[in-house]
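Undergrad: Kindly generate the corresponding structure for this input.
(chains A and B)
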Amino acid sequence: DTAVSQTPKYLVTQMGNDKSIKCEQNLGHDTMYWYKQDSKKFLKIMFSYNNKELIINETVPNRFSPKSPDKAHLNLHINSLELGDSAVYFCASSQFGQTEAFFGQGTRLTVV
Amino acid sequence: QKEVEQDPGPLSVPEGAIVSLNCTYSNSAFQYFMWYRQYSRKGPELLMYTYSSGNKEDGRFTAQVDKSSKYISLFIRDSQPSDSATYLCAMSMNRDDKIIFGKGTRLHILP
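TA: Residues are numbered from 1 along each chain as shown, chains lettered A, B, ... in the order given. Predicted coordinates:
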C-alpha cells in the first residue's frame, strides 16, 4: 500500500527529448512537491502545489512544467532534456499546516 | 554561506556505539527542525521532528536543537547495522514554508 508512488522508477533518454514523471499520493494530503536530488545527494525543492494551486516555484527553468489535475496527483513534464537534468526526482506530499513531508521512492533520470 | 551546512561523511562507527550527527544553519528564522533518513536508492523518510529549541526523544533517537547557536543534533544510541543510511537534516521557517535540506551525512555502522 504505497503512500506516495512515482512512475517510472528509472528513465533513460536522449538530450532534446520531452519526458513526464507521474506522482500519486493516497494519504489524503492537500500539498504535493517535486524535489531534485543531484549527484552530490543535495535535495532541493523545485515546486509545491496546494489543492492544485502552485505555491512554490524555485527558480526552475521553464522547461520544467508541473501539472496537478487533482490534489492527489502532481506530474512533472520536462521539455528539451539536457545532460544537467540527470538526477533523482522525488515527489512528496504533506498536509498544509504540517511540516512533515512523505516522499516517494524517486525517479532516476539519466539524460545521454 | 549555505543556509544549512552538514558534513557529508562518511561516518563509520562500530555497532553499539553512540552516533552524533550535526547541522549548522545561518537563518535564525528557522523554527521547525527535522531529521530524515534515506536508505540507498530510496526516498527520504521522516525520523524526528522538533519545534524550536529543546530535546526530543524517540526510542534510540534523540534530537536536540540549540537555536542560540544555530546548531541541531541527532543522537543514535546502541547503533545497529540497520541504521546505516544517509541522514539529512531539514528545517523551515513556518509550517507551510519550503523545507531546506542539508546535504546529508552518510553513516556506516560496522557489525
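Undergrad: Give me the number of neighbouring residues for the one residue in chain B that gets nearest to chain A.
TA: Proximity of chain B to chain A (C-beta to the nearest C-beta) peaks at B:Gly43, 3.4 Å away. (Glycine included, C-beta is placed from N, CA and C.) When neighbours are counted by other C-beta atoms under 10 Å in any protein chain shown, B:Gly43 registers 22.
Undergrad: contacting residues for it?
TA: Applying C-beta atoms under 8 Å, 6 or more residues apart in numbering or on different chains to B:Gly43 gives the contacts A:Val4, A:Phe90, A:Ala92, A:Phe103, A:Gly104, A:Gln105, A:Gly106.
Undergrad: Max pairwise distance over those residues: which two?
TA: Greatest spacing in those, by C-beta to C-beta: A:Ala92 and A:Gln105 (11.1 Å).
Undergrad: of these two, who's got more company?
TA: Under the neighbour definition other C-beta under 10 Å, A:Ala92 and A:Gln105 were set side by side, and A:Ala92 has more, 26 against 17.
Undergrad: who's the more buried one bridged to?
TA: On the basis of DSSP bridges, A:Ala92 is bridged to A:Tyr33, A:Phe103.
Undergrad: sorry, back to before: what's the closest non-adjacent residue to the residue of chain B closest to chain A?
TA: Leaving out its chain neighbours, the residue that sits closest to B:Gly43 by C-beta to C-beta, 6 or more residues apart in numbering or on different chains is A:Phe103, at 3.4 Å.
Undergrad: what about B:Cys23, how many neighbours?
TA: Counted with other C-beta under 10 Å, the neighbours of B:Cys23 add up to 26.
Undergrad: I figured it was touching B:Glu5, is that so?
TA: Yes: the pair B:Cys23 and B:Glu5 passes the contact test of C-beta atoms under 8 Å, sitting 6.5 Å apart.
Undergrad: So which bits of chain B are right by chain A?
TA: B:8, B:32, B:34, B:36, B:41-46, B:49, B:86, B:88, B:92, B:95-96, B:98-99, B:101, B:103-104 (C-beta under 8 Å from any C-beta of the partner chain).
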